[in-house]
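**Q** Here is my input; please provide its structure:
(chains A and B)
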2 protein chains.
Amino acid sequence: MPEQGLMIVASRAVMGEGAPFSAARADTGLPLDRIYRAASAAQVDAAVAAADRAAIAFGDSAPADRASLLEAIAEAIAGTGDALIVQAMAETGLPRPRLEGERMRTANQLRLFAAVLRDGTFADIRIDRADPTRAAGPKPDLRLGMLALGPVAVFGASNFPLAFSVAGGDTASALAAGCPVVVKGHPAHPGTSEIVAAAVAQAVLASGFDPGIFSMLHDAGIAVGQQLVTDPRINAVGFTGSRRGGEALMALAAARPVPIPVYAEMSAINPVLLFPGRLAEAADEIGASFVASLTLGTGQFCTNPGLVIAIDGEPLDRFVAAAARALEAWGPGVMLHPGICSAYGEATATLARHEAVVAAGRGGSADLRATGQLFTTTSDAFLSHAELRHEMFGPASLVVRCRDLADVGRVLAQVEGQLTVALHFSEADHAAVAALLPVARRKAGRVLANGFGTGVEVSPAMVHGGPYPATSDGRTTSVGTLAIARFLRPVCLQDIPEELLPAALQEANPWSLPRRVWGGAG
Amino acid sequence: MPEQGLMIVASRAVMGEGAPFSAARADTGLPLDRIYRAASAAQVDAAVAAADRAAIAFGDSAPADRASLLEAIAEAIAGTGDALIVQAMAETGLPRPRLEGERMRTANQLRLFAAVLRDGTFADIRIDRADPTRAAGPKPDLRLGMLALGPVAVFGASNFPLAFSVAGGDTASALAAGCPVVVKGHPAHPGTSEIVAAAVAQAVLASGFDPGIFSMLHDAGIAVGQQLVTDPRINAVGFTGSRRGGEALMALAAARPVPIPVYAEMSAINPVLLFPGRLAEAADEIGASFVASLTLGTGQFCTNPGLVIAIDGEPLDRFVAAAARALEAWGPGVMLHPGICSAYGEATATLARHEAVVAAGRGGSADLRATGQLFTTTSDAFLSHAELRHEMFGPASLVVRCRDLADVGRVLAQVEGQLTVALHFSEADHAAVAALLPVARRKAGRVLANGFGTGVEVSPAMVHGGPYPATSDGRTTSVGTLAIARFLRPVCLQDIPEELLPAALQEANPWSLPRRVWGGAG
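**A** Numbers count the residues shown, from 1 in each chain, chains lettered A, B, ... in the order given. You can find the predicted model right below:
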């Protein structure tokens, strides 16, 4: 009898009671031998009920205590040893160094949120003191602080099985905010999820916090996710994945009797603009570095450069030729799972057949492997065919040949909201960049110079977000310290006596939180 | 031929080209003699196009320049003289002192946002400096700032014809954020809107900003509002009004190809909890002050105390009797317009007929005037009849008689999201308050002690917001300085040379904005 994998309800390992499934090896498509079972409706309910019971105390806990919890989770994940890496390699096809780096990033991300909690600025404490003698009438004492939203549902992403999955950025920022988290594990890497969730649960159990603050549920279908998003005790949703998946969650959340925020990071083609001065001097070099970015993680980064916009001519031809050569030398690469690989094959084949598109280069081919592919089209075709603007998830990109800079601007204006826009330019291009930068800033969450968006620093100044459909809510980021703001809302307490105030708002400031103070008599 | 009223497109006065309408005197229901015309579809388009053209330069303008604009608008509004007050009195039925006070509040609100802009903290500038020598690979230069969303549609509210209308909190905070504003004026006070909009336009024209940053359009129907909310160039919506109206806008915004945020402040019954210690010592006094709050503005405040929750017994009987006496001595009061008055009459009549409800007191009656009304019911009835939890917009309230404190908690837990929860207690009640305060904090945007929510301070620490359906987005406030955050989103610029950076993010910091800095080499 095959081994049975576990999930976590209220920080305890349990076996699912729903339909069985198993993951496939990414490189062969053959099933892995551990059997998982989906959470039953009763198990989902138990996880949410436990999260709900834990919510008030967790939301009101000292930030420093939550910081210690996040640090303990980071330690536990860092200590998962080779078992985690081997499991994730089998389930995702990602190579060892990438997964080891991603584990370090995941642990460091948790530590960064611990630092945010110890800093305390996130709570935005504002005290406007009473003035009983004000001429226009007595002024009350007002105290504002950011309060946790309550239990949050987080959907694990397939493309970062550690950094955007069970204990990734959504979970880290929600726990930092004081929100209990119920994770729906991604079915492509249940074993990876199991190991990480066990590490989180171990840290929670040792922390003294209510075990209800963390659960991780399996499901190869959509029932568990639907139940989570529609449960009245769930207050927000974090998701990284396809546009179709994100929009389905948005629709479910909007149709609830009480709608809730959905933070879905969904779809981007991350335009790369090559300005003429820079292109003329470094077309070959940029072509090679472009392909390095395009093929990173087999093209499965959210910030993958799926669109290149430049003025047509000899330098652009050189760029295309250099990129085509580099692509031919690359791969083919294993994708995260067979479904992604076949969707990629269909998307690229459809584009290759498009009357307005020329195939400019492709790598070798193999079963269950993606070949790098490069296409070109004209600005006129791009502007008139909406289907050319769709994301192809994988190592494929489309070069748009423009007549002039105005044409580059028109093409940029036509693309949908993006995570990143990358600008390649030299000093000679500054005037042209100055003209297009305001457009780029309104189109994306991050605009970068002479590089590619695939490196996403975990920083207080990072924005991994952007206008729809890059994300469902362009006012936020899912990477970097500002991500905590997604799970908080302001509450004002007026004239509440000191002894009844939550610690964060007390005049005595027992947690020594930074705060701004206004008012007071005369 | 009757006089024709004007509206504003791109800071210029024009006559509408759509269907004619006129407002009614609130106290008689008779039409006022000035004729207004709705904006035509082409006029709406012109207003939005002008806002869109102005958006980038306005969003990137110096906060201090926008501060000067807001101060000039405040001056212009403060200088509207008696004409504005007389017009608003006729259209809204609100008394002169209230309107004079509201005008001062409106001007002060604009000045407060000017102070927010001069302070600069709202921009949340974060600089994480490059480290080219980092062991894990070169670290880029990252600069984060809050960017204006772009053109915003604001719907004037009927119940605060100045402070929540053409130049109210939504317009002030959107302009402060750097977002051009297109206002849809409320058809119940088109003349008031005309005077205020002319003052705003005068200040804009004198400011040197693009005149496209402000328009105010009339419409007695819904076509102009629908066109605004569905226009792809509109990026957010501000609204204060009925739940039906707000939910219609939410649905329109969610169904757009690119959904946008809707900040709708919709519906609240603002529970008042009377704890036994305080009730026993001051039932009569609280009853009288409760009715003063309930009848303020003829009960047409968003924070009107429409629900009282207390343990049944002799002290509560005394409260009800004192409130009933005060109600009988009050009014009847003119309502904002005949439609609101008849809706109020129907809502109170329906409640009066409800089998589980007892009418405990009502004021005198008169045509087109609202009578103050007080009802009582039991906690069991309240918990089992959802219709008892609906807002009655006007000077009516329902007292829920509970068995004990646990019962009070159950009733509070059952109500929907609220703008405010008011707690009346003495020291003897502290333990009971401590038990219920966390519930109240999760139910409302503001929790206050020994007062009523009807005084909403314009303060850095104010939250006028709350969980759905009090507002469509409980992560925000529509009063107080934090309201500016509704119209901003973070953008990160990576490795952009100093001379191409927007001024707010330049190393040289020409606007002297406050900022936080991290990183740098070794």
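**Q** Quick check: which ranges of the stretch 351-500 of chain A have low pLDDT?
**A** Residues of the stretch 351-500 of chain A meeting the criterion pLDDT under 70: A:363-366.
**Q** where do the helices sit along it?
**A** A:379-384, A:405-414, A:430-443 (DSSP state H, counting those that start in this stretch).
**Q** Including distance to chain B and mean neighbour count, could those go into JSON lines?
**A** For glycine as for every other residue, the C-beta is placed from the backbone atoms N, C-alpha and C. As requested, those are exported to JSON lines (distance: least, Cβ to the nearest Cβ, whole Å; neighbours: other Cβ atoms under 10 Å in any protein chain shown):
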{"stretch": "helix A:379-384", "distance to chain B": "16", "mean neighbour count": "18"}
{"stretch": "helix A:405-414", "distance to chain B": "12", "mean neighbour count": "18"}
{"stretch": "helix A:430-443", "distance to chain B": "5", "mean neighbour count": "19"}
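**Q** B:Leu296: which of those is closest?
**A** helix A:430-443 (42.9 Å; Cβ to Cβ).
**Q** so what secondary structure elements neighbour that closest one?
**A** strand A:271-274, helix A:405-414, strand A:418-424, strand A:444-449, helix B:41-59 (3 or more Cβ pairs under 8 Å, 6 or more residues apart in numbering or on different chains; DSSP states H and E).
**Q** Enumerate the residues of the stretch 51-200 of chain A near chain B.
**A** Residues of the stretch 51-200 of chain A lying near chain B by Cβ under 8 Å from any Cβ of the partner chain: A:56, A:60, A:126-128, A:137, A:139-140, A:142-144, A:147, A:149-150.
**Q** wait, what's in contact with A:Arg111?
**A** Counting by Cβ atoms under 8 Å, 6 or more residues apart in numbering or on different chains, A:Arg111 makes contact with A:70-71, A:74.
**Q** A:Arg90 is in what secondary structure piece?
**A** Quick fix: residue A:90 reads Ala, not Arg. According to DSSP states H and E, A:Ala90 maps onto helix A:81-92.
**Q** ok now that helix, how far from the chain's centre?
**A** 21 Å (Cα atoms, centre = their mean, to the nearest Å).
**Q** With stretch A:87-96 instead?
**A** Computed by Cα atoms, centre = their mean, the chain-centroid distance of stretch A:87-96 equals 20 Å.
**Q** What are the contacting residues of it?
**A** The contact list for stretch A:87-96, computed with Cβ under 8 Å, 6+ apart, reads A:23, A:25-27, A:32, A:85, A:99, A:102, A:158, A:161-162, A:188-192, A:195, A:297-298, A:334-337.
**Q** care to break chain A down by domain?
**A** Domains of chain A are assigned by automatic domain parsing as A:7-19+A:42-121+A:147-266+A:476-486, A:271-449.
**Q** With respect to burial, which of those domains scores highest?
**A** Using mean count of other Cβ atoms under 10 Å in any protein chain shown, the stretch among the domains of chain A with the largest mean neighbour count is domain A:7-19+A:42-121+A:147-266+A:476-486, at a mean of 23.
**Q** What separates the first and last residues of that domain, distance-wise?
**A** With Cα to Cα, to the nearest Å as the measure, domain A:7-19+A:42-121+A:147-266+A:476-486 spans 26 Å from end to end.
**Q** what do you get for stretch A:392-400?
**A** 15 Å.
**Q** Just the mean pLDDT for stretch A:316-323, thanks.
**A** Mean pLDDT, stretch A:316-323: 98.
**Q** List phi and psi for A:Glu71.
**A** phi -70, psi -40 (degrees, to the nearest 10).
**Q** Determine the three-state secondary structure at A:Val237.
**A** strand (DSSP: H, G, I helix; E, B strand; the rest coil).
**Q** one step back: keeping just the C-alphas, turn the helix holding A:Ala90 into PDB.
**A** This file holds the C-alpha atoms of helix A:81-92, laid out as PDB (Å, rounded to 0.1, in the frame of the first residue of the first chain):
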ATOM      1  CA  GLY A  81      17.500  19.600   5.100                       C
ATOM      2  CA  ASP A  82      17.900  17.700   1.900                       C
ATOM      3  CA  ALA A  83      14.500  16.000   2.100                       C
ATOM      4  CA  LEU A  84      12.800  19.200   1.100                       C
ATOM      5  CA  ILE A  85      15.100  19.900  -1.800                       C
ATOM      6  CA  VAL A  86      14.900  16.400  -3.200                       C
ATOM      7  CA  GLN A  87      11.100  16.400  -2.900                       C
ATOM      8  CA  ALA A  88      10.800  19.800  -4.600                       C
ATOM      9  CA  MET A  89      13.100  18.800  -7.400                       C
ATOM     10  CA  ALA A  90      11.000  15.800  -8.200                       C
ATOM     11  CA  GLU A  91       7.700  17.700  -8.000                       C
ATOM     12  CA  THR A  92       8.700  20.900  -9.900                       C
END
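**Q** And A:Ala236, how far from A:Ala470?
**A** A:Ala236 sits 19 Å away from A:Ala470, going by Cβ to Cβ, to the nearest Å.
**Q** One more: A:Gly156?
**A** Distance, A:Gly156 to A:Ala470, by Cβ to Cβ: 20 Å.
**Q** Between the two ends of stretch A:504-520, what distance do you get?
**A** Using Cα to Cα, the end-to-end distance of stretch A:504-520 comes to 19 Å.
**Q** contacts for that stretch?
**A** By Cβ under 8 Å, 6+ apart, the residues outside stretch A:504-520 that reach it are A:62-64, A:119-121, A:123, A:125-131, A:139, A:143, A:145, A:493, A:496, A:498, A:501, A:503, B:459-461.
**Q** one more time with 7 Å, if that's ok
**A** Residues from elsewhere that reach stretch A:504-520, judged by Cβ atoms under 7 Å, 6 or more residues apart in numbering or on different chains: A:62-64, A:120-121, A:123, A:125-129, A:131, A:139, A:143, A:145, A:493, A:498, A:503, B:460.
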